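>>> any chance you could fold what I've pasted below:
(one chain, ligands or ions: 1)
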Amino acid sequence: MALRTRLTELLEIEHPIIQGGMAWTATAELAAAVSNAGGFGIIGAGQMPTELLRQQVRHAKELTDRPFGVNLMLLTPHIDELVEMVLKEGVHAVTTGAGNPGKYMSSLKDHGIKVLPITPSVALAKRLEAIGADAIIGEGMEAGGHIGELTTMVLTPQLVDAVTVPVVAAGGIADGRGIAAAFALGAEGVQVGTRFMCASECTIHPDVKERIIKARDRDTVVTGYSTGHPVRVIKNKLAKTIAELDRQNRPEEIETLGSGKLALCMREGDLEMGSLMAGQSAAMVERVQPAAEIVDEMIAEAVEVMGRLARTRGPADA
Ligand code: TUI
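Numbering: from 1, shown residues only. Sure, this is the predicted structure:
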């Protein structure tokens, strides 16, 4: 069973599923497991020291012979150094987040690295296509972490109409129904973050996985609007404090308070004072399971749903 698109060609993968490059969460182990399962695994660079990211890239190469990538978080202070390192080590593709990767586009492409920017808007997607983006990942505000304003449902078709390169839908996709929906909107692939947080191979603290599995529909909240970098998290003590600072319009204090809190959550398992970044789809994640099982289940369900839709007739033909 396979869903082939221009994205599977571009990334030389079997299934059109990209694993989100989540900071402090998407390590070499997870990325390699997703790539070995026929998807596209991504190491989340976040604010990682350059040498640590280099080790991660090398480790992933030991764990898989298949293509994988790195997500570059463009707000990182030493981003230039991270890009240099990625150019030297070589990966199949990079995704970028939290900014405009225009400055790095030509050097990445000159090194044969595919570039898939994550964008929250149509205007930015058009600019990035014009300077050589190989595909556009449109991320809706259902996603976890740093988000834009539009939902996946309205962003995806607008991107599909605006660019000619493949569009990948992200935000709120955690099962095969989500893949089928994204394809209905014209996407040629999906990016999945939250569900892969509960992959067996994901190295985050087990308590975080348990919290995601327990999550219900309204358990996430967006905080940090006053900083200009809003993030979706599962509600906890830290989120409540930041929401209050947001109301009082005290962005500097939010930046100070937020520093180091993502690692505190994901690595040390502090569910109350850590930043519990996860998407709305946390409520749809039911269990910890191997990455390959997640990929296989999602693809099988997508194929089943799309087959059912294809056989559906209007009342006149019924
Ligand atoms: O980047 C993400 N998700 C993230 S990054 C992150 S680490 C962080 N922590 C605190 C504050 C900020 C970041 C946690 N989660 N997703 C991809 C994404 N990119 N979402 C939105 C954007 C984006 C936003 C603005 C991309 C480009 C952009 O462009 C602005 C411009 O310069 O035109």
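
>>> who's in contact with stretch 253-263?
With CB atoms under 8 Å, 6 or more residues apart in numbering as the test, stretch 253-263 has contacts from 23-24, 46, 223-224, 226-227, 238, 241-242, 245-246, 273-275, 277. Heads up, the C-betas are built off the backbone N, CA and C, glycines and all.

>>> could you pick out which of these are near the ligand?
23, 46, 277 (CB under 6 Å from any ligand atom).

>>> any chance of these in CSV, plus neighbour count, pLDDT and secondary structure?
Below are these laid out as CSV (neighbours: other CB atoms under 10 Å; pLDDT from 0 to 100; DSSP: H, G, I helix; E, B strand; the rest coil):
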residue, neighbour count, pLDDT, secondary structure
23, 22, 98, coil
46, 23, 97, coil
277, 27, 98, strand
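
>>> can you add distance to residue 95 and give these back as JSON lines?
JSON lines is the format used below for these (distance: CB to CB, whole Å):
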{"residue": "23", "distance to residue 95": "12"}
{"residue": "46", "distance to residue 95": "13"}
{"residue": "277", "distance to residue 95": "16"}
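
>>> still on that earlier bit, among the contacts of stretch 253-263, which ones are buried?
23-24, 46, 223-224, 226-227, 238, 241-242, 245-246, 274-275, 277 (16 or more other CB atoms under 10 Å).

>>> the residue nearest to residue 203 when sequence neighbours are not counted: neighbour count?
Excluding the flanking residues, the one nearest residue 203 by CB to CB, 6 or more residues apart in numbering is residue 27, at 5.0 Å. When neighbours are defined as other CB atoms under 10 Å, residue 27 has 20 of them.

>>> check residue 218 too.
9.

>>> and it, that's in a strand?
No - counting by DSSP: H, G, I helix; E, B strand; the rest coil, residue 218 is not part of a strand but coil.

>>> in helices, which of the contacts of stretch 253-263 fall?
Using DSSP state H to define helices, the subset of the contacts of stretch 253-263 located there is 238, 241-242, 245-246.

>>> format the residues you listed as CSV; extra columns: distance to residue 312.
Shown next, in CSV, are these (distance: CB to CB, whole Å):
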residue, distance to residue 312
238, 46
241, 49
242, 45
245, 49
246, 45
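
>>> show me which of the residues you listed is closest to the ligand.
residue 242 (10.7 Å; CB to the nearest ligand atom).
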